[in-house]
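1. Sequence plus predicted model, see below.
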Amino acid sequence: MGGTIAGSADSATDATGYRAGTASVEALLAAVPQAAALARLSGEQFASMDSSDLTDELMLGVARRVAALLADPGVDGVVVTHGTDTLEETAYFLHLVLDSVKPVVLVGSMRPASALSADGPMNFYAAVAVASAPASTDRGVLVVLNDEIHTARDVTKTTSLSVASFSSPYGPLGVVVGGRPLYYRGLSRPHTSRTEFDLARVHSLPRAGIIYAHSGLDDTVSALIESAGYDVIVHAGFGNGTVAQRIVAPLEAARLAGAVVVRATRTGSGHVTAVGASGDRVDGWISVDDQNPQRARILACLALTVTRDPLEIQRIFDTY
C-alpha cells in the first residue's frame, strides 16, 4: 500500500522529511531476503501512497482484494504493508469484514527504508513470521510492529515518531522472538468469520465524520453539521464521552434528520457509559463501549449496512 515502510529520503539521517510509497513491493521483498525462508512469498502493488490520503473507497478495495486472495486455496496468509497514519483503521475494517480464519497481518514502519536503523525490514520479517505461523489462525486481523503482535480491535498509534508508536490498552496479544510468534492472550470479541457484516453487500460506506470536543467549541458547529449531511457523526467527547450542553441540541437535530450520533471519548481509551458526567443522555444516541473515535466511525458505518434501529446499533457496539 506504500507508506513509510516503502518511503525514501535524500539523507539517511532524515527520518521525517521523506517521500512515502516510493519503493515497489519487489524492492521491499528484495530488501528482506530472509523472509523467503519463512514462506513462499509473492508481492502485489495495490497502491503507492501516503496513508494519510486513504479513502473509504481504497479501504474497500483493499478488503475486496485481500478477501479474494484468502479464497485462493494456494494462499495461507496475507501481509499488507501500510502507512502508519491510518493503518489501524484499515486493520479494523478488515477485522470486521473478512470471512476467513487465515492470518492477515498489517505492518508498517516509523522510519523510511532509506534511514539509518530503518525499522521496516525487521517489522516486515516479523509480519511474515506471524502470517505464516499456524498459531496465528483464527485470531482476527493482526498488526505487527516493533516485535509486538496486536489485535486490530485494540491497537492504535499513540506517538508521532517513536518506533514504539503502536500500543493497545490491554496490551499486545504476543511478541515475535527470533522469527517466532509467541502468543500470551486471546481476543473474546467476534471478528472476521464470526461477524454479521457481509463485504459483498458493502458497495460504499455511509458518509461519516468525527467532531472533536474542546473547550472553545460552540453551537455554530451546527451549521457545519447540517451542511455536511453526515449519515454518522462521532462525537469525541471529554472524559466519559461528555458532550457540552451547547452541543447537545445540534447533535440531536442531526439525529432527528437521520444521522446516527455516537458518543466516544477523546482520552484515547476507556469505556463510555450511556450517561456522561454532565448527564447528557439522549435517547437514540449510541455509546461507543471502549472504541476510539476513528474505529467507532468504521463500526457505525458497517452497522448501517445491517440496520438503522438505534437499539440494534447499540447492540453492535456492545458486541464488537
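-> Now that the structure is in, tell me what you want to look at.
2. Can you tell me how far the residue nearest to residue 2 when sequence neighbours are not counted is from residue 52?
-> Counting by Cβ to Cβ, 6 or more residues apart in numbering, residue 21 is the residue found nearest to residue 2 once chain neighbours are left out, at 2.6 Å. Heads up, the C-betas are built off the backbone N, CA and C, glycines and all. The gap separating residue 21 from residue 52 is 11 Å, by Cβ to Cβ, to the nearest Å.
3. Am I right that residue 168 is in contact with residue 158?
-> No. Look at residue 168 against residue 158 with Cβ atoms under 8 Å: they stay out of range, at 9.5 Å.
4. Show me which of those two is the more surrounded one.
-> Neighbours per residue, other Cβ atoms under 10 Å: of residue 168 and residue 158, the larger number sits with residue 168, 19 against 14.
5. Let me see the contact set for the more buried one.
-> 150-151, 154-156 (Cβ atoms under 8 Å, 6 or more residues apart in numbering).
6. Excluding chain neighbours, what is closest to it?
-> residue 154 (3.9 Å).
7. What residues does residue 5 make contact with?
-> Taking Cβ under 8 Å, 6+ apart, one finds 28, 81-83, 107-109, 113, 120, 123-124 in contact with residue 5.
8. Mutual contacts of residue 21 and residue 52, please.
-> With Cβ under 8 Å, 6+ apart, residue 21 and residue 52 have common neighbours residue 83.
9. between the two, who's got more neighbours?
-> residue 21 (22 against 11).
10. where's that one relative to residue 4, distance?
-> Relative to residue 4, and taking Cβ to Cβ, residue 21 is found at 9 Å.
11. Now do the shared contacts for the two.
-> Overlap of the contact sets of residue 21 and residue 4 (by Cβ under 8 Å, 6+ apart) consists of residue 83.
12. name the element the residue nearest to residue 2 belongs to?
-> Assessed by DSSP states H and E, residue 21 sits outside every helix and strand.
13. list the contacts for it?
-> 1-3, 6-7, 47-50, 83.
14. Quick one: classify residue 237 as helix, strand or coil.
-> Under DSSP: H, G, I helix; E, B strand; the rest coil, the three-state class of residue 237 is strand.
15. Spatially, what comes nearest to it if we skip its sequence neighbours?
-> Nearest to residue 237 is residue 213, by Cβ to Cβ, 6+ apart, at 4.8 Å.
16. How many residues are close by that neighbour?
-> Residues contacting residue 213 under the criterion other Cβ under 10 Å number 18.
17. repeat for residue 210
-> Using other Cβ under 10 Å: residue 210 sits among 18 other residues.
18. Please identify the helix or strand for residue 92.
-> helix 87-97.
19. C-terminal to that helix, what's the next element?
-> Using DSSP H and E, the helix or strand that follows helix 87-97 in sequence is strand 104-107.
20. Can I get that following strand as CSV, trimmed to CA atoms?
-> In CSV, the C-alpha atoms belonging to strand 104-107 read as follows (Å, rounded to 0.1, in the frame of the first residue of the first chain):
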residue,chain,number,x,y,z
VAL,A,104,-4.0,-11.4,7.9
VAL,A,105,-1.2,-9.1,9.2
LEU,A,106,-0.8,-5.4,8.7
VAL,A,107,2.6,-3.9,9.1
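21. Give the pairing partners of that strand; include direction for each.
-> strand 78-81 (parallel), strand 141-145 (parallel) (DSSP bridges).
22. residues in contact with the last one?
-> Contacts of strand 141-145 from elsewhere in the structure, counted by Cβ under 8 Å, 6+ apart, are 84, 87-88, 91-92, 94-95, 98, 103-110, 119, 123, 126-127, 130, 136, 149-152, 155, 163, 165-166, 173, 176, 191-192.
23. picking that back up, which ones are touching the residue nearest to residue 168?
-> 168-170.
24. Is it possible to get JSON lines of those that adds distance to residue 238, secondary structure and pLDDT?
-> What follows is the contacts of residue 154, written out as JSON lines (distance: Cβ to Cβ, whole Å; DSSP: H, G, I helix; E, B strand; the rest coil; pLDDT from 0 to 100):
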{"residue": "168", "distance to residue 238": "23", "secondary structure": "coil", "pLDDT": "98"}
{"residue": "169", "distance to residue 238": "18", "secondary structure": "coil", "pLDDT": "96"}
{"residue": "170", "distance to residue 238": "23", "secondary structure": "coil", "pLDDT": "96"}
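25. Can you tell me which of those residues is closest to residue 203?
-> Minimum distance to residue 203 across the contacts of residue 154 is 31.6 Å, recorded for residue 168 (Cβ to Cβ).
26. Please report the distance of the closest one from residue 95.
-> On the measure of Cβ to Cβ, residue 168 and residue 95 end up 13 Å apart.
27. For burial, what's the neighbour tally of residue 26?
-> 10.
28. Residue 182 touches residue 172, doesn't it?
-> No. Contact criterion Cβ under 8 Å: residue 182 and residue 172 do not qualify, at 10.3 Å.
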